[in-house]
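> Build me a model from this:
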Amino acid sequence: MLPALTRTARRRVLQVSAALLVLVGALVWWLVPIGAKAPSGHVTFSTGVPTGVYQQYGELLKQALARDLPDVSITLRNSEGSQQNLARLASGEADFTVATADAVAQYKRDRKPGFERLRGCARLYDDYVQLVVPKGSSVQSVADLRGLRVGVGQPGSGVRLIADRVLAAAGLTPDVDVRPVSAGINTVPGLLERRRLDAFFWSGGLPTTAVQKLSERFPIRLVPLDATLVDSLHDVGESTRHYRSARIPADAYGLAQDGNPVDTLAVANILVTTDAADPDLVEGFTRTVIGSRDRIGGQVHPAQLVDLRTAIYTEPLTLHEGARRYYRSVKP
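Numbering: from 1, shown residues only. So this is what the prediction gives:
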């Protein structure tokens, strides 16, 4: 027979047991918050062209979401870019997407269908405008594109929006002073390589795979976009104030830059949803976006730049309540 515990020993056992119960309760509350339900269902994520950063980011984010939100089925859908993404979201064809801040601002300024329903989840990484020409081209500035064949992006893309604006800021009328070619990043590298284009615009994260691969098989150069262009763009109005002066680092496209940084302009990307999205789903989606940064960034470099400190700033969009809930939960 085991010896009877003394009163002091019994008190200690009770104290230890109570402490363990408190600890277990706290762990359960942290892992499974009272009243919270696991999001479920099916959502569509509108991405971008197959070789663009939006699509690559979407594919890796889908894998991360499968781990974090196992009851949610994600379908990725290719698109021409930001403008088409926003139209899909507003019409209900998509539940989440990525779009540049300038495209969002223009969509709202034009009061396109469903503009008032758009909500932000997170500011992601910046897109950098890249004007690509053959290495031996005489083009040294945007103004030198006069009369040339220029890839300006697809009609529903953010590239088309910004290419038209940059051309106008340089004193060129897009459909008059250049010979615009409506083609995206899937097509323009090959057109340039076959001498069917003299230059093309691209706006995306750094480095963009299609541009990188082009530089490895065909000699290209990036044309600087100086700060005066940004000033001219800002003069246009509210929807253009999201552009900022930036520099493409010297090692972004080593073969195309000869070890030199290139002046350009940049604009932020925003993870976008609508006011109809379930707050629990948006909270979980936003948590995965922030939490998967390093894992995704190992394969898609721009994702490394997603920053919790700035993710909350989704201007020109109001923050979705589910995203707001997430940021409050991680506030120091």
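> In terms of helix, strand or coil, where does the residue sitting nearest the centre point of the chain fall?
Centroid-nearest residue in the chain: Asn269, 4.0 Å away (criterion: CA atoms, centre = their mean). Under DSSP: H, G, I helix; E, B strand; the rest coil, Asn269 falls in the strand class.
> Now do the contacts for it.
If a contact means CB atoms under 8 Å, 6 or more residues apart in numbering, then Asn269 has Val98, Ala99, Thr100, Ala101, Arg123, Leu124, Tyr125, Asp126, Asp127, Gly205 as its contacts. Yep, even glycine has a C-beta here, placed from its N, CA and C like the rest.
> What residues does the residue lying closest to Leu145 once chain neighbours are set aside make contact with?
In space, and not counting its chain neighbours, Leu145 is closest to Val178: 5.3 Å by CB to CB, 6 or more residues apart in numbering. Taking CB under 8 Å, 6+ apart, we find Val178 in contact with Leu145, Arg146, Gly147, Leu148, Arg149, Val150, Val152, Leu167, Leu172.
> Filter those residues down to the ones in strands?
For those, the ones inside strands are Arg149, Val150, with DSSP state E as the criterion.
> Pick the one among the contacts of Val178 closest to Thr273.
Distance to Thr273 across the contacts of Val178 (CB to CB) is lowest for Val152, with 28.9 Å.
> Surely the closest one touches Ala163?
Yes - if you go by CB atoms under 8 Å, Val152 and Ala163 touch, sitting 4.2 Å apart.
> Quick check: neighbours shared by those two?
Common neighbours of Val152 and Ala163, using CB under 8 Å, 6+ apart, are Pro174, Phe201.
> that older thread, name the nearest of the contacts of Asn269 relative to Pro113.
Lowest distance from Pro113 to these (CB to CB) belongs to Ala99, with 15.4 Å.
> show me where pLDDT drops low in the stretch 151-300 of the chain?
237-239 (pLDDT under 70).
> Distance check, Val211 against Gly297.
To Gly297, Val211 is 19 Å away according to CB to CB, to the nearest Å.
> quick one, which of the two is more surrounded?
Val211 (24 against 17; other CB atoms under 10 Å).
> Point me to the helix or strand that includes that one.
According to DSSP states H and E, Val211 maps onto helix 209-217.
> Show me the contact partners of that helix.
Everything outside helix 209-217 that qualifies as a contact, by CB under 8 Å, 6+ apart, is 51-53, 56, 130, 132, 185-186, 189, 192-193, 202, 220, 253-256.
> likewise stretch 53-61?
Outside stretch 53-61, the residues touching it (CB under 8 Å, 6+ apart) are 45, 47-49, 76, 78-79, 81, 85, 98, 204-205, 208-209, 288-289, 292, 295-296, 299-300, 302-303.
> quick one, strands of the stretch 201-332 of the chain?
220-222, 244-248, 262-274 (DSSP state E, counting those that start in this stretch).
> list the buried ones in the second one?
What it means is strand 244-248. Ala246, Ile248 (16 or more other CB atoms under 10 Å).
> That one packs against which elements?
Contacting strand 244-248 under the criterion 3 or more CB pairs under 8 Å, 6 or more residues apart in numbering; DSSP states H and E are the following elements: strand 118-134, helix 227-234, strand 262-274.
> Give the other helices and strands that the shortest one contacts.
Secondary structure elements in contact with helix 227-234, counted by 3+ CB pairs under 8 Å, 6+ apart, are helix 158-169, strand 244-248, strand 262-274.
> any chance of those in a markdown table, plus distance to Arg117?
What follows is these, written out as a markdown table (distance: least, CB to CB, whole Å):
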| stretch | distance to Arg117 |
| --- | --- |
| helix 158-169 | 20 |
| strand 244-248 | 28 |
| strand 262-274 | 5 |
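> For Leu225, which of those is the nearest?
strand 262-274 (4.6 Å).
> in its sheet, what does the closest one sit against?
strand 96-100 (antiparallel), strand 118-134 (antiparallel), strand 244-248 (antiparallel) (DSSP bridges).
> can I get those strands in TSV with distance to Arg67?
Putting these into TSV (distance: least, CB to CB, whole Å) gives the following:
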stretch	distance to Arg67
strand 96-100	17
strand 118-134	18
strand 244-248	33
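> Show me which residues of stretch 161-172 are buried.
Those would be Leu161, Ile162, Ala163, Asp164, Arg165, Val166, Leu167, Ala168, Ala169, Ala170, Leu172, for stretch 161-172 by 16+ other CB under 10 Å.
> domain assignment for this protein?
41-125+269-329, 127-267 (automatic domain parsing).
> from what I can see Ser79 touches Leu89, true?
No - counting by CB under 8 Å, Ser79 does not reach Leu89; the two are 10.3 Å apart.
> Just the buried subset of the contacts of stretch 53-61, written out for ChimeraX, thanks.
Restricted to buried positions by 16+ other CB under 10 Å, the ChimeraX selection for these reads:
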select :45,47,48,49,76,79,81,85,98,204,205,208,209,288,289,292,296,300,302,303
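> re earlier: using a markdown table, lay out the helices and strands packed on strand 244-248 together with distance to Val282.
Formatted as a markdown table, those follow (distance: least, CB to CB, whole Å):
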| stretch | distance to Val282 |
| --- | --- |
| strand 118-134 | 6 |
| helix 227-234 | 32 |
| strand 262-274 | 6 |
